[in-house]
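Trainee: Sequence below, structure please.
(2 chains)
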2 protein chains.
Amino acid sequence: MSKKGSFLFYGSGGSMGVPVVGCDCEVCSSDSPCNKRLRPSGLLTVGDHKLLVDCGPDFREQALRYDLRHLDGVLLTHTHYDHIGGIDELRIFFFRQEEPLPCLLSRSSLKELQTRLHYMFLPRAHGNNIPVQLDFQLIPEARGEIEFRGVPLRYMTYRQGGMLVNGYRVGNFSYVTDISEYPDTIFEDLEGTETLVVSALRHTPSHVHFTVDEAVTFARKVGAKRTYFNHISHELDHEETNRTLPRDIQLAYDGLTIPIVI
Amino acid sequence: MSKKGSFLFYGSGGSMGVPVVGCDCEVCSSDSPCNKRLRPSGLLTVGDHKLLVDCGPDFREQALRYDLRHLDGVLLTHTHYDHIGGIDELRIFFFRQEEPLPCLLSRSSLKELQTRLHYMFLPRAHGNNIPVQLDFQLIPEARGEIEFRGVPLRYMTYRQGGMLVNGYRVGNFSYVTDISEYPDTIFEDLEGTETLVVSALRHTPSHVHFTVDEAVTFARKVGAKRTYFNHISHELDHEETNRTLPRDIQLAYDGLTIPIVI
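Mentor: Numbers count the residues shown, from 1 in each chain, chains lettered A, B, ... in the order given. Predicted structure coming up:
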């Protein structure tokens, strides 16, 4: 029997968010709520389970805005600041739930966290601050299927610049952020996806992100019914960009909720 | 000739901010703007120079709120997440100002940043993201005087749990956050301070912070004309706590600006 779920965009912006600090461009000065973009993250709800997808530097603001009170786990795509900058903030859930929070990630992501957040891995010294405790579950291979907190997931691996990044698929929904180089097998992994999220930074080329055109080409190869772009820079006005895009491919915005079927 | 300056509280809250995510207590539910506390940080303005004191996880929000467009340097007190969680966000100033941003800190803080933000110290690989570049200036000893970006500063060292922390003094203003153990020489360093900022977490004891009573005792020993508490948890309501405090010792709040004479 199929389960219902949803994905709520906690943030649809690029690494600096929109508005960019100190920027007077039209998008950064715009009053449209769709042009206010926190860093990329989202809440995946499957049945009663709430899974956070990435935990960027806006996590506290996002958790307050959407009144997040419980988390069953965290999926990490990769370890750039805009995707893990808020992991320390998860300690409120660890304090409240009184057990380490399950976290799914790749071996390379774990290795990076062991350096960046080394204090999470130390035995706690008396009198020191209490860091968050995560219960890490490793993705075993580059692509495959896994169950995490009772939720069946498909995962895949691609690259952004020098970094390995993971995409995730839950039922008819796939989330593929921060992609620049990928193996052709990704289209097998994404086959049958009905709602795709893929990153599209801007129109001008980037070494580490798809442009809008590159993301459209990728989306067409996946062939989902609906595609939403995330990781959007201040170069893209929401309304104006959406008018130039095909109807089935649109920019996401903070607060957008997508239904999922698992 | 004396110079004028100011200190603007970017954040007066403790490590989790106020409201705390998912908390329904009276302070977290309060509508009073003085009970909305971002993480501890502030902008020190001396003449035309703007120096950021700590760069916590709310830095982007703080920079947008107070329309920060230029920075001359950053003073770090220590490397807990609530004081350095936003360092990556400084890259917008590096991009715009096109030179590494000067940063004053202790040798132990630098060592910690070299681990936590190791990618800042690597030669940049083609195709990778561009991290912020900081121009580090080391505090040479445990206490002393130094000039940073043309601003004469006195610095001191104390401890919070296992971590070394620096306090700073500029003219008649001293900023002493995250203090739990300290050498008696601190009172020599702070002698003549007219406006003191010192951390006071809550009424209940903490291994790593002063309680309100401990902070009052410390403030009385310093003997400043005015003392403001920062790093305030959700256990302290702004108005209610201020009523019980002496008139010359009060809780700070986000957005409070204090005049300084150098």
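
Trainee: CA atoms for contacts and neighbours, from now on please.
Mentor: Fine.

Trainee: Quick check: next helix or strand after the helix or strand of chain A with the lowest mean pLDDT?
Mentor: Least confident helix or strand, chain A: helix A:91-97 with a mean of 92, by mean pLDDT, DSSP states H and E. In the C-terminal direction, the helix or strand that comes right after helix A:91-97 (DSSP states H and E) is strand A:101-105.

Trainee: mind listing the strands in chain A by residue range?
Mentor: With DSSP state E as the criterion, chain A has strands at A:4-11, A:41-46, A:49-53, A:73-75, A:101-105, A:134-138, A:144-148, A:151-160, A:163-170, A:173-176, A:195-199, A:226-230, A:249-251, A:257-261.

Trainee: Can you name every helix or strand that the last one contacts?
Mentor: Identification of packing neighbours for strand A:257-261 by 3 or more CA pairs under 8 Å, 6 or more residues apart in numbering or on different chains; DSSP states H and E yields strand A:4-11.

Trainee: can you pull the buried residues of the strand it packs on?
Mentor: Going by neighbour count (16 or more other CA atoms under 10 Å in any protein chain shown), the buried part of strand A:4-11 is A:5-11.

Trainee: Next: stretch A:113-121.
Mentor: A:113, A:116-117, A:119-120.

Trainee: now stretch A:173-191
Mentor: Buried residues in stretch A:173-191, counting neighbours by 16+ other CA under 10 Å, are found at A:173-181, A:186-187, A:189-190.

Trainee: Spatially, which two of those residues are the most separated?
Mentor: Within the buried residues of stretch A:173-191, A:173 and A:181 form the most distant pair, 20.9 Å apart (CA to CA).

Trainee: Among the buried residues of stretch A:113-121, which ones lie close to chain B?
Mentor: Among the buried residues of stretch A:113-121, the residues lying close to chain B (CA under 8 Å from any CA of the partner chain) are A:116-117.

Trainee: Can you confirm whether the least confident helix or strand of chain A lies near chain B?
Mentor: Yes - judged by CA under 8 Å from any CA, helix A:91-97 comes into contact with chain B at residue A:92.

Trainee: in that helix, what's buried?
Mentor: A:91-94.

Trainee: Same check on stretch A:201-217?
Mentor: So stretch A:201-217, judged by 16+ other CA under 10 Å, has buried residues A:201-202, A:208-212, A:214-216.

Trainee: could you dump the residues you listed to JSON lines with distance to chain B?
Mentor: Shown next, in JSON lines, are the buried residues of stretch A:201-217 (distance: CA to the nearest CA, whole Å):
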{"residue": "A:201", "distance to chain B": "13"}
{"residue": "A:202", "distance to chain B": "15"}
{"residue": "A:208", "distance to chain B": "6"}
{"residue": "A:209", "distance to chain B": "10"}
{"residue": "A:210", "distance to chain B": "13"}
{"residue": "A:211", "distance to chain B": "15"}
{"residue": "A:212", "distance to chain B": "18"}
{"residue": "A:214", "distance to chain B": "17"}
{"residue": "A:215", "distance to chain B": "18"}
{"residue": "A:216", "distance to chain B": "22"}
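
Trainee: Adding pLDDT, write those out as TSV.
Mentor: Listed next are the buried residues of stretch A:201-217 as TSV, based on pLDDT from 0 to 100:
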residue	pLDDT
A:201	96
A:202	96
A:208	90
A:209	95
A:210	96
A:211	97
A:212	98
A:214	98
A:215	98
A:216	98
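
Trainee: which two from the residues you listed end up farthest apart in space?
Mentor: Maximum pairwise distance in the buried residues of stretch A:201-217, criterion CA to CA, is 16.2 Å, between A:208 and A:216.

Trainee: closest point of the stretch 51-200 of chain A to chain B, which residue?
Mentor: Chain B sits closest to residue A:116 of the stretch 51-200 of chain A, with a gap of 4.2 Å, by CA to the nearest CA.

Trainee: thought that residue was touching residue B:119?
Mentor: No - the pair residue A:116 / residue B:119 is not scored as a contact, 9.8 Å apart, by CA atoms under 8 Å.

Trainee: list residues touching both of these two?
Mentor: Counting by CA atoms under 8 Å, 6 or more residues apart in numbering or on different chains, residue A:116 and residue B:119 have no common neighbour.

Trainee: Is residue A:193 in contact with residue A:173, as I believe?
Mentor: Yes - here residue A:193 reaches residue A:173: they are 5.7 Å apart, a contact under CA under 8 Å.
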